[in-house]
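Asks: Show me how the following folds:
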Amino acid sequence: MARNLLKNPAGEEQMEFWELTENGGSQWQVEEMPGDCGYNFGGDGVTKYFSTSFELCLKRQVVDLVAEGYAPDDLAAQPAVSVEDWYSGRTDCGCTYQLTVCLLDENEEILQEFKPESVTLDPDCDDCSWKPVNHTFNDYGPGLRFISFEHGGQDTKYWDGWFGVRVTGSSVIVET
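Replies: Numbers count the residues shown, from 1 in each chain. Below is the predicted model:
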């Protein structure tokens, strides 16, 4: 049953299934690889990405594990939960990227959270090509029912348009 529980992880269905928690600047946009001043993804058949703007753009999905077919008894065994996200910048404008993934109980209270430090990419001194972020949750206690996945960012020069961080290929997998 190990499968990606995020729907539309690479923008093939535009913004479908994503809750736009922050939609600043010129708002979220879906673009084709590699995009202006961009990089090819290099695998997995990913051909699109989500692009952010000059004010904060964040989007979220909350996965209901019982609705996805996981029995509460199976979840009580605390199966490993693996998450992955991919981000890149542009060759002409800096950007920031952030990710927050939370394991939630039936009341949507946090059991465990993964929130790495925000990343700032500067094309003058950083490699802005596609990079993965990975994390596996273990030993998070009983009661897992939901997983919240939220990511995004913005550009650092406040340019009108879509010069911020690009994200794609996101996944949440319960290792049962």
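Asks: so what's the most centrally placed residue in the chain up against?
Replies: Nearest to the mean C-alpha position of the chain, counting by CA atoms, centre = their mean, stands residue 151 at 4.3 Å. Taking CB atoms under 8 Å, 6 or more residues apart in numbering, we find residue 151 in contact with 58-59, 85, 87, 97-100, 167, 170. Heads up, the C-betas are built off the backbone N, CA and C, glycines and all.
Asks: the strands in the chain, which residues?
Replies: Along the chain, counting by DSSP state E, strands occupy 19-23, 29-32, 48-51, 57-64, 80-88, 95-104, 110-114, 119-121, 131-137, 146-155, 166-175.
Asks: what phi and what psi does the backbone show at residue 35?
Replies: phi 80, psi 170 (degrees, to the nearest 10).
Asks: Please report how far it lies from residue 130.
Replies: 11 Å (CB to CB, to the nearest Å).
Asks: And for residue 119?
Replies: Taking CB to CB, one finds residue 119 at 13 Å from residue 130.
Asks: ok, back up a step: just list whatever residues bridge to the residue nearest to the centre of the chain.
Replies: Here residue 151 sits in beta bridges with residue 59, residue 99, as judged by DSSP bridges.
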